[in-house]
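Student: Here is a sequence together with a model predicted from it:
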2 protein chains.
Amino acid sequence: MDSPSPLERVLDAETKAAENPQDHRDELRLWLRLLTCTTLIEGEIRRRLRERFDVTLPRFDLMAQLDKAPDGLTLSALSKRMMVSNGNVTGLVERLVETGHVARRTSATDRRAQLISLTELGRAEFRTMAAAHEEWVAEMFAGLGRPPREDLMRLLGRTKSSVRAAITADI
Amino acid sequence: MDSPSPLERVLDAETKAAENPQDHRDELRLWLRLLTCTTLIEGEIRRRLRERFDVTLPRFDLMAQLDKAPDGLTLSALSKRMMVSNGNVTGLVERLVETGHVARRTSATDRRAQLISLTELGRAEFRTMAAAHEEWVAEMFAGLGRPPREDLMRLLGRTKSSVRAAITADI
DNA sequence: AGGAGATGTTTTAAGCTTAAAGTAATCCGG
DNA sequence: CCGGATTACTTTAAGCTTAAAACATCTCCT
């Protein structure tokens, strides 16, 4: 355990009474604020996708992955990139096949695997939605100037590393 | 529209080719990184709550709100604070009543409303879980020093304002 | 070749989530 | 005090999500 630096003592004194070593309220507040930001943005994107394009966010996300992979992706690859379970992707693909946005073909080299790719319809619709989506996101971050956005980007990069380290540490 | 400052020109030149005014890839990347951080943390918390306490995150969240409100909360108040729909809360409360973690009583002043509060069991279990939860969160942010955490906190505060402004602007 | 283990996918059961519509009680202006 | 608007809550239908178990195919070792 490090003892607090002089700067930390000052900050402590400024913010509140002496801090005991077990207290992690600041980290908790940070997490709650992070969650609030994400929930707000995600909720608004969901709402607009639904309202203007009658599509759900998970379907949009799946199409986004396929748009970046012109040769198609297997269900496993999709599941890994989307950070969701395999069974989840099975259902999403099923519904997107029904609506004609994606197509499945069995892999030539592995009869277990299926390659999923966007249909022409799927690609065209996705491109339209993606353009609007990009505008929406930019609009929501517009209140932040460019330099703060870059600071935030950097700090979130460090956060991601920190979290991954904590997650993989206890496996 | 502002024309780019000298510093912005330098940054543009450093990062990639000349930027056209419609391009919002940076904001998109920022949003995706924010989402990744939240997804990672939230997924791990979900997993641990399930594994160690056999509880879901929504139930934990609901109990957290009740723990902060000793006199109980109506379903509407819960729904507002948790930022989820009314119907959602109806179901969560129903299941938590079944397991004996919360209790409902009709408001003395408004026969439509019900006040939900933690039972003794619910409060005891919540306190145990909350302590572990706080540790987990601290652990995941531990790779970040205190000053970067404070920077992040501040930037997320500005982000929240920016997003709220964008969301309420088009209502 | 044969079989163990790995990998790709689907199914199942349970729970979460929402929007929209429906029911019940309250509030408030006339 | 009465009727319309609002507020509190529930129900419904649809979709998302997961963990776990089941199934299919492949890989690789001997």
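Tutor: Looks like it arrived, so ask away.
Student: Mind telling me what element whichever residue of chain A sits closest to DNA strand C is part of?
Tutor: Residue nearest to DNA strand C within chain A: A:G87 (2.6 Å; Cβ to the nearest atom of the strand). Just so you know, the C-beta spots here come from the backbone N, C-alpha and C atoms, and that holds for glycine as well. Element membership for A:G87 (DSSP states H and E) is helix A:86-98.
Student: how many neighbours does the residue of chain A closest to DNA strand C have?
Tutor: 10 (other Cβ atoms under 10 Å in any protein chain shown).
Student: Please identify the buried residues of stretch A:86-106?
Tutor: Neighbour counts over stretch A:86-106 (16 or more other Cβ atoms under 10 Å in any protein chain shown) mark A:V89, A:L92, A:V93, A:L96, A:H101, A:V102, A:A103 as buried.
Student: is chain B contacted by that stretch?
Tutor: No. Shown here: stretch A:86-106 not in contact with chain B (Cβ under 8 Å from any Cβ of the partner chain), separated by at least 12.8 Å.
Student: Flag every residue of chain A that's near DNA strand C.
Tutor: A:43, A:47, A:50, A:74-77, A:86-87, A:89-91, A:93, A:107, A:110, A:112-114 (Cβ under 7 Å from any atom of the strand).
Student: Okay, buried residues for stretch A:136-152 please.
Tutor: Applying 16+ other Cβ under 10 Å to stretch A:136-152 flags A:136-144, A:148-149, A:151-152 as buried.
Student: Also stretch A:39-53?
Tutor: Within stretch A:39-53, the residues scored as buried using 16+ other Cβ under 10 Å are A:T39, A:L40, A:I41, A:E42, A:E44, A:I45, A:R48, A:L49, A:F53.
Student: between those residues, which is closest to B:P70?
Tutor: Using Cβ to Cβ, A:T39 is the member of the buried residues of stretch A:39-53 that lies nearest B:P70, at 25.7 Å.
Student: what does the helix holding A:G87 contact?
Tutor: Here helix A:86-98 makes contact (Cβ atoms under 8 Å, 6 or more residues apart in numbering or on different chains) with A:58-59, A:62-63, A:75-76, A:78-79, A:82, A:102-104, A:116, A:122.
Student: if I've got this straight, A:D110 is in a strand?
Tutor: No. Checked against DSSP: H, G, I helix; E, B strand; the rest coil, A:D110 lies outside a strand; its state is coil.
Student: Phi first, then psi, for it.
Tutor: The phi/psi pair for A:D110 (degrees, to the nearest 10) reads phi -140, psi 110.
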